[in-house]
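Sequence plus the predicted model coming up.
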Amino acid sequence: MTAPPIDQGAQKVRRNPTAPRWITTLRHALKGEHGRGWSVRERHGRVQITRRFEDGARSSIDTTILWDAQAVRPTLELVTAVRDRMEGQRLGLREAYELVADTPQTRPGMVDWCAVVEQYRDHRIGSGQIKTTTWERDSRYRMERALGCLTTNPTPRDGRALLTRYRDRWCGAA
């Protein structure tokens, strides 16, 4: 028995007619938003995201998102964030995911920048790169200024905009 054709005129036919509708919706939305090469599947009760490259190579990550009907929006948001970092910072799938997954959030989609600064402080001091006195003397005020720049309107949307705002506000316009 052969599988039904994917496209019958203007009406799409589902590949797997036994898959729940939310899975079909997720996969269709993923293709619509990110194109070919992105796929999802269930692995150990969680969402696994796979990126297939033009040369046939592929890379996968296991996420913390539960494989259920509430997974659609969080999965699409995660793929968008991961893809942005992959393209913007030229990272692999796993590296981009680790950046996104380790970012503290105050609300879904909103970064808790104060927590990011604390993590940065803890990392710098904990790794021995600097001492607490050096942080207090040289770095703390810079981080506080950067946090202040994030509360201005319009809010900086990327690193370049943040550094430009910091420069204009604290170093004088170039």
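Right, received. Where do you want to start?

starting at the chain centroid, how far to the longest strand seen in the chain?
Of all the segments assigned as strand in the chain under DSSP state E, the longest by residue count is strand 58-66. Remark: strand 58-66 is offset 12 Å from the chain centroid, using C-alpha atoms, centre = their mean, to the nearest Å.

what do you get for stretch 25-44?
That offset, for stretch 25-44, works out to 15 Å (C-alpha atoms, centre = their mean).

Which positions within it qualify as buried?
26-27, 30, 34, 38-40 (16 or more other C-beta atoms under 10 Å). For glycine as for every other residue, the C-beta is placed from the backbone atoms N, C-alpha and C.

now stretch 124-144
Buried, per 16+ other C-beta under 10 Å, within stretch 124-144: 124-125, 135, 139, 143.

What average pLDDT does that stretch get?
Stretch 124-144 shows a mean pLDDT of 93.

if we can go back for a sec, can you pick out the most distant pair from the buried residues of stretch 124-144?
Pairwise distances across the buried residues of stretch 124-144 (C-beta to C-beta) peak at 12.8 Å, for the pair 125 and 143.

how about the helices in this protein?
21-34, 72-89, 93-101, 113-126, 132-134, 140-150, 159-166 (DSSP state H).

follow-up on the earlier one: let me have the buried residues of stretch 124-144 in JSON lines, adding distance to residue 56 as columns.
Below are those laid out as JSON lines (distance: C-beta to C-beta, whole Å):
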{"residue": "124", "distance to residue 56": "41"}
{"residue": "125", "distance to residue 56": "45"}
{"residue": "135", "distance to residue 56": "47"}
{"residue": "139", "distance to residue 56": "45"}
{"residue": "143", "distance to residue 56": "44"}
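
which one among these gets closest to residue 112?
Distance to residue 112, by C-beta to C-beta, is smallest for residue 143 among the buried residues of stretch 124-144, at 13.7 Å.

Pretty sure the closest one sits against residue 120.
Yes - here residue 143 lies in contact with residue 120, judged by C-beta atoms under 8 Å, at a distance of 7.3 Å.

Need the CA coordinates for stretch 82-96. CSV is fine.
Provided in CSV are the C-alpha atoms of stretch 82-96 (Å, rounded to 0.1, in the frame of the first residue of the first chain):
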residue,chain,number,x,y,z
VAL,A,82,18.1,29.1,18.5
ARG,A,83,18.0,29.8,14.7
ASP,A,84,18.7,33.5,15.4
ARG,A,85,21.8,32.7,17.4
MET,A,86,23.0,30.1,14.9
GLU,A,87,22.8,32.6,12.1
GLY,A,88,23.7,35.8,14.0
GLN,A,89,26.6,34.3,15.9
ARG,A,90,27.6,31.5,13.5
LEU,A,91,27.0,28.8,16.1
GLY,A,92,26.1,25.2,15.8
LEU,A,93,22.7,23.9,16.9
ARG,A,94,23.9,22.6,20.3
GLU,A,95,25.9,25.8,21.1
ALA,A,96,23.0,28.0,20.2
